[in-house]
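[1] Here you go, sequence then predicted model.
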Amino acid sequence: MFCRCEVAYFDPPNTHTCPVCLAFPGALPVPNRQAVEWTILLGHALGCQIPDRAIFHRKNYFYPDNPKGYQISQYDQPLCVNGSFEVPSADGDRVIGIERAHLEEDAAKTIHVGGAEGRIHGAEHSLVDFNRSGTPLVEIVTRPDIRSPEEAKAFLQLLRQTIVELGISDAEMEKGSLRFDVNVSVRPEGSDELRTRTELKNMNSFNFAAKGIEREMRRQIEIYESGGQVDQETLHFDPNNESAPPLRSKEEAQDYRYFPEPDLVPLEPAAELVERLRGDLPELPSARVRRLESEVGFVLAEGLVTSGRDELYSRIPGERAGVANVVMNELAAIGLDPSAVNAEELGKVIAARGEIPRGAFAEALAESASPGFSADRYLAEAAIADVGELDPVIDRILSANESQVEAYRGGKEGLLGFFVGQVMKETGGKANPKIVNERLREKLRG
Amino acid sequence: MIDTLRLTAEEATGLVERGEVSGAELHRAYLDAIAERDPELHAYLCTVDEPDGEGVPIALKDVISTRGVETTAASKILAGYKPVYDATVAARCKAAGLPLLGKTNLDEFAMGSSTENSAYGPTHNPWDPNRVPGGSSGGSTAAVAAGLAPWALGSDTGGSIKQPASLCGVVGLRPTYGTVSRYGIVAFASSLDQVGPIAKTVRDCALLHRIIAGRDPLDSTTVELPEPIELPQAEDLKGLRVGVPKELNEADGIEPGVSEAVNRTIELARELGAEVGECSLPRSVEFGLPCYYLIAPSEASSNLARYDGVRYGLRVGNGDIRAMYERTRDAGFGDEPKRRIMLGTYALSAGYYDAYYGQAQKVRTVIRDEHDAAFEQFDVLVSPTSPTVAFELGARTANPLAMYAADLLTIPSNMAGLPGLSIPCGLSEGLPVGFQLIGRQFSENLLFSTGHALERALGFDFVPERLR
């Protein structure tokens, strides 16, 4: 943020350092222009106001990951304030208020050696890797507007996708380039008070966060229902062991002795710059979820957008729900690079899905990102659609599985899939699935 | 034979340029002088044997980072610390061909007014070794006064160039805040620290200032100079409006001998053609010192947090990190840094910030406005630099408040970010008296030309009497 060291997550420790990020005597910070501009861009995406003047403050505390003894952060005059972020849901938009988004420098990474699970508690000694020291970090603070674990998860997913699409961070949780702390409190239905909150730290996945909130809500409800009071405290989760009980620490009345950073002058972004950045905003994920919702329903729309697959979805011609399903399920499972997929050709294959053998369909999906991929080859693999050819196979299978036939006729219609599978096996996957289904239903009815 | 006591940097530059003396010979001559006189004075913390450059050598205050050369800020906590990089001012000197002669003594972390707070022992005044050279840049001013360096750099937070220049009978400039890079300067109080030149003459100061001043992309608080630094030529002061702030010239504690020398100099200015008038800076003088002692320690408490024993310098103890911090900082810092860290930590604490640091910053605006108003009527404001001549070693060490009062007259303009030049203007009790000239922001050229005209007319002999 304030030096020129490269951001490199997995390089050997302490290979990207300089006098500034190691806090040698006399070293001074110089703000990273790109980071300031990207924060303003993010502020626009979060619907924030960008004040005329923002100030860096020093946040003073001693810790080995904090080489200067203070972190350069923002305090009462951050770059972005008063935003709102719309999170579409199945029953309308939820608007999450954004208190602020401010820019600061990341701390170094401490590695605790000899203790259980890499925790500081019980460690023999700690090592410090300063590669991360001084990396630009934006902290986004929401208002207490999130009402459920599901909503928290949906918000976080959409926020992450927004950050990724703005191109300002890869926002990968395993690298630590996206991290979040969650504050939780509960209250009786209908009440609008905000009761004592607890803070959950070390949340490193969306599901983990949702589960953590769920657990914490239950714990607080139990406390209130048994007549107790919730203490304000911080719960540190072990990201490597989701079921382990969190370590607790009382919130110390830590005094950071904030004061304006005298080594830096105030940031006064020019109005033209702020406007130019506003103009640089692409269509945001939340808007696209709403647009796609009318085509494929909310669940698929949200899934497509937050997984970053909606661009591929939009490129593939054909019946929308069918395309969406293929993109979200079969294609996602294969793990192809969505941008490399030949959408036009794949669309033809999806349209003919019922007419070609399953094996051919699966193969086509797998090859859809390869150079020279063409639908023709797969469409030409005519499936066995000749009833005369299929009926004997079907009859043979039905008579070999009399008990299942009886069960089906007794109401277990889910067994249809079993019979389809048997036919496919017998025909080497070459039977036309649509015809097989029709014939089986008819014969089983009889 | 090079007479380092008399030789000015300008003359030395001429000798080198004309090929009469080589840079290496000059360097040798100063090392010889150091070997002869520094055991008594202790102006240097270390010297450099091999010159790195062909020009006139320079001494740097030991808060200025020098690549590969120990930089301690006169603190035990930085014992053995060799920077991996040059401060911008050190790099600019190097680029101008000025080889490093050595690192000079100071009050630990530039906190003090006598150079007695050095963890490596005090520096003595070349005019009288029983007396202090002033501080915190006392090593640099003593070195120049005693002919142990043709010129030097100091740093000035509350008066740490001007006051020791005054006490040692040399010329020192505290530049406009933001005109000289602080990159690589061991920080004391970031919003006040400024590096500046120390030399025997005003012209030498101007030559050196020209080398170091100007915007540095590595220090965001620096700006481009509005005009280049010129070598002063003025012989008179015709048309110059000189203001004499009442409170700076009549403050309690100004010695009669100091007042006399300063008043004679003001009279001289009039004779040289200046219009002299009285003005007033009541709040600047009343509140300058107390506000300074809130702002400077506050920033210092934060700036000195990095000396934690983790990455460089002293480390005492092992195992528990908190215990290591405490033992390292306890053993590494002297009393004055500890006192200021505690003052500053307190002043920045929740619940006190608004009353102390916040309020002091507001007063700073008042001080600036008051100076601006004075500069509507005057071009230069003048006063004694220090209320007293050099005092005896140990005279004030037991009383921090008496020591703090040494900066009473230099602090107000520093708080306003203004440039100030101190020139010697005579003797009182056989010891030099300093004359302070304060200018508008970026008015260094005017200060130099005014100082130069006065210097010519004064004819002060900068060689200490006992060394002549």
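    Okay, I see it.

[2] residues touching residue 157, list them.
    All of this refers to chain A. Residues in contact with residue A:157, defined by CB atoms under 8 Å, 6 or more residues apart in numbering or on different chains, are A:206, A:306. C-betas here are computed from N, CA, C, even on glycine.

[3] sorry, should have said chain B
    B:110, B:136, B:188, B:189, B:192, B:193, B:194, B:296, B:414.

[4] does the first one really touch residue B:73, like I thought?
    Spelled out, it's residue B:110. Yes. Using CB atoms under 8 Å, residue B:110 is in contact with residue B:73, at 7.1 Å.

[5] Common neighbours of those two, please.
    Common neighbours of residue B:110 and residue B:73, using CB under 8 Å, 6+ apart, are B:63, B:186.

[6] which one of those two has more residues nearby?
    Ranked by neighbour count (other CB atoms under 10 Å in any protein chain shown), residue B:110 and residue B:73 place residue B:73 first, with 34 against 30.

[7] Now do the same for the more buried one: helix, strand or coil?
    coil (DSSP: H, G, I helix; E, B strand; the rest coil).

[8] Check residue B:166 too.
    Recorded secondary structure, residue B:166: helix (three-state DSSP).

[9] Give me the subset of the contacts of residue B:157 that also touch chain A.
    Subset of the contacts of residue B:157 in contact with chain A: residue B:189, counting by CB under 8 Å from any CB of the partner chain.

[10] What about the contacts of residue B:157, which are in helices?
    B:296, B:414 (DSSP state H).

[11] Look at the residue in chain B positioned nearest to chain A and report its pLDDT.
    Nearest residue of chain B to chain A: residue B:305, at 2.3 Å (CB to the nearest CB). Per-residue confidence (pLDDT) for residue B:305: 97.

[12] part of a strand, is it?
    No. Using three-state DSSP, the assignment for residue B:305 is helix, not a strand.

[13] Could you check how far residue A:92 is from chain B?
    42 Å (CB to the nearest CB, to the nearest Å).

[14] Kindly apply the preceding question to residue A:445 instead.
    Counting by CB to the nearest CB, the gap from residue A:445 to chain B is 77 Å.

[15] buried stuff in stretch A:65-79?
    Of the residues in stretch A:65-79, A:65-75, A:77-79 count as buried by neighbour count, 16 or more other CB atoms under 10 Å in any protein chain shown.

[16] I misspoke; the intended subject was stretch B:305-324.
    B:305-317, B:321, B:324.

[17] Now for the closest residue to chain B within the stretch 51-200 of chain A: which residues touch it?
    Proximity of the stretch 51-200 of chain A to chain B (CB to the nearest CB) peaks at residue A:69, 2.3 Å away. Contact partners of residue A:69, counting by CB under 8 Å, 6+ apart, are A:23, A:60, A:61, A:62, B:302, B:304, B:305, B:306, B:308.

[18] The fourth one: neighbouring residues, count only.
    Going back to what we said before, that points to residue A:62. For residue A:62, the count of nearby residues is 16 (other CB under 10 Å).

[19] Surely it is within a helix?
    No. Counting by three-state DSSP, residue A:62 falls outside a helix, being coil.

[20] Relative to residue A:36, how far out is it?
    28 Å (CB to CB, to the nearest Å).

[21] The stretch 101-250 of chain B: helices as residue ranges?
    For the stretch 101-250 of chain B, applying DSSP state H, counting those that start in this stretch gives helices covering B:138-145, B:162-168, B:202-212, B:246-249.

[22] Now distance to chain A and mean pLDDT too, for those helices, in JSON lines please.
    Formatted as JSON lines, those follow (distance: least, CB to the nearest CB, whole Å; pLDDT from 0 to 100):
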{"stretch": "helix B:138-145", "distance to chain A": "17", "mean pLDDT": "98"}
{"stretch": "helix B:162-168", "distance to chain A": "21", "mean pLDDT": "98"}
{"stretch": "helix B:202-212", "distance to chain A": "15", "mean pLDDT": "98"}
{"stretch": "helix B:246-249", "distance to chain A": "26", "mean pLDDT": "96"}
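
[23] Serialize these to TSV and add fields for mean neighbour count.
    Shown next, in TSV, are the helices of the stretch 101-250 of chain B (neighbours: other CB atoms under 10 Å in any protein chain shown):
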stretch	mean neighbour count
helix B:138-145	36
helix B:162-168	36
helix B:202-212	24
helix B:246-249	20
